[in-house]
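Chemist: No sequence on hand, only this structure:
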């Protein structure tokens, strides 16, 4: 068997694995019906659809010519994971404003080009959105600033 589209092959395999994972995990939950869904209904349906889509991609990768896989770069992966860990660690002691600012600035280093002005504007926009949506809109009790600032 000759793989003509490595990208579709690996994407299909990934979808199959995740779909089967959700199907296996959801089998211990009550299924219910379409009108009265149980806790296992959504993961079962979603897992089945994901596995089916993965199967289509997987088998299509043997028939349709596609792109090769690009070289794996660890820099974006490293900076995005670092940004998420910093956000989770800084949220309570530093507050929402500084945690979101660090999240945006550190994750911006994951890209190929870094523009400080764009990053600061995006950071301010996401801070305002986060405060409006989560603190004012949903009423979540996030600290906005570090405790020593008030």
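Modeler: Noted; the coordinates are in hand. Quick caveat: nothing in here was measured; it's all calculated off a predicted structure. Numbering: from 1, shown residues only.

Chemist: can I see the domain layout of this protein?
Modeler: Listed domain ranges for the chain are 6-60, 74-149 (source: automatic domain parsing).

Chemist: Let's have the ones you listed in CSV, adding distance to residue 67 and mean pLDDT.
Modeler: Any C-beta I mention is one placed from the backbone N, CA and C, and that applies to glycine too. Shown next, in CSV, are the domains of the chain (distance: least, C-beta to C-beta, whole Å; pLDDT from 0 to 100):
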stretch, distance to residue 67, mean pLDDT
domain 6-60, 5, 91
domain 74-149, 19, 90
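
Chemist: looking at those, which is closest to residue 68?
Modeler: domain 6-60 (5.6 Å; C-beta to C-beta).

Chemist: Could you report the distance from residue 25 to residue 18?
Modeler: 11 Å (C-beta to C-beta, to the nearest Å).

Chemist: re the thing from before, switch the domains of the chain over to TSV; also include mean neighbour count.
Modeler: Converted to TSV, those look like this (neighbours: other C-beta atoms under 10 Å):
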stretch	mean neighbour count
domain 6-60	15
domain 74-149	14
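
Chemist: Downstream of whatever helix or strand residue 50 lives in, the next helix or strand is which one?
Modeler: For residue 50, the element it lies in under DSSP states H and E is helix 41-60. Remark: after helix 41-60, the chain's next helix or strand is helix 74-94, criterion DSSP H and E.

Chemist: Would you mind identifying the next helix or strand past that following helix?
Modeler: Taking DSSP H and E, what comes next after helix 74-94 is helix 96-108.

Chemist: by contact count, what packs against that next one?
Modeler: Using 3 or more C-beta pairs under 8 Å, 6 or more residues apart in numbering; DSSP states H and E, the elements in contact with helix 96-108 are helix 74-94, helix 116-130.

Chemist: so it versus helix 116-130, what angle?
Modeler: Calculated by axes from the mean of the first three to the mean of the last three C-alpha atoms, to 10 degrees, helix 96-108 forms an angle of 140 degrees with helix 116-130.
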